[in-house]
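Student: What follows is a protein structure lacking sequence information:
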């Protein structure tokens with residue numbers, strides 16, 4: 001019996017142009033056997049949702065350093081819901097204050113990983129969450 005390959009969309013929403021961390025995560029997920037689609041920088045919520053739909057992903061990884069997560073993440077989730085894609089695991093990484101974690105969890109961001117999180121922990125979280 002073959003197991004399904006986990007498909008992950010890694011996206012950089014907003015105007016943040018720093019993508020080194022997103023590229024490190026994308027490489028780690030690929031090395032762990034996942035199929036990764038990296039959208040590049042400066043993606044709108046609509047672009048992210050559309051790419052997720054076209055690529056039929058299981059996971060969306062949002063990387064943000066700009067501090068705009070409170071504004072952008074709800075818009076992304078709204079775009080996903082508008083496309084009836086509410087079964088996708090959404091994880092996030094970057095500079096996200098601890099005080100914002102509860103809000104993000106409430107709107108549907110299930111895993112939040114800050115600077116210094118090992119790539120192994122992120123891989124394990126995704127594999128366990130997807131099953």
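Tutor: Structure's in. What do you need? Predicted model, so just to flag it, every value in this text is computed and none were measured. Numbering: from 1, shown residues only.

Student: which SS state does residue 36 fall under?
Tutor: With DSSP: H, G, I helix; E, B strand; the rest coil as the basis, the three-state label of residue 36 is strand.

Student: let me redo that: residue 8
Tutor: For residue 8, the secondary-structure state derived from three-state DSSP is strand.

Student: Quick check: the gap between it and residue 113.
Tutor: 13 Å (CB to CB, to the nearest Å). Glycine gets a C-beta too; all of them are placed from N, C-alpha and C.

Student: which residues of this structure fall in helices?
Tutor: For the chain, the helices defined by DSSP state H occupy 20-31, 45-55, 69-82, 101-107, 119-130.

Student: can you list the ones you listed in a markdown table and add distance to residue 12?
Tutor: As requested, these are exported to a markdown table (distance: least, CB to CB, whole Å):
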| stretch | distance to residue 12 |
| --- | --- |
| helix 20-31 | 6 |
| helix 45-55 | 9 |
| helix 69-82 | 10 |
| helix 101-107 | 17 |
| helix 119-130 | 16 |
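
Student: mean confidence for stretch 18-29?
Tutor: Regarding stretch 18-29, the rounded mean pLDDT is 94.

Student: For it, buried residues please.
Tutor: By 16 or more other CB atoms under 10 Å, the buried positions in stretch 18-29 come out as 19, 21, 22, 25, 26, 28, 29.

Student: Would you format those residues as JSON lines with distance to residue 54 included?
Tutor: Shown next, in JSON lines, are the buried residues of stretch 18-29 (distance: CB to CB, whole Å):
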{"residue": "19", "distance to residue 54": "21"}
{"residue": "21", "distance to residue 54": "24"}
{"residue": "22", "distance to residue 54": "19"}
{"residue": "25", "distance to residue 54": "21"}
{"residue": "26", "distance to residue 54": "18"}
{"residue": "28", "distance to residue 54": "24"}
{"residue": "29", "distance to residue 54": "19"}
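
Student: Surely residue 62 is in contact with residue 76?
Tutor: Yes: with contact defined as CB atoms under 8 Å, residue 62 and residue 76 form a contacting pair (6.9 Å).
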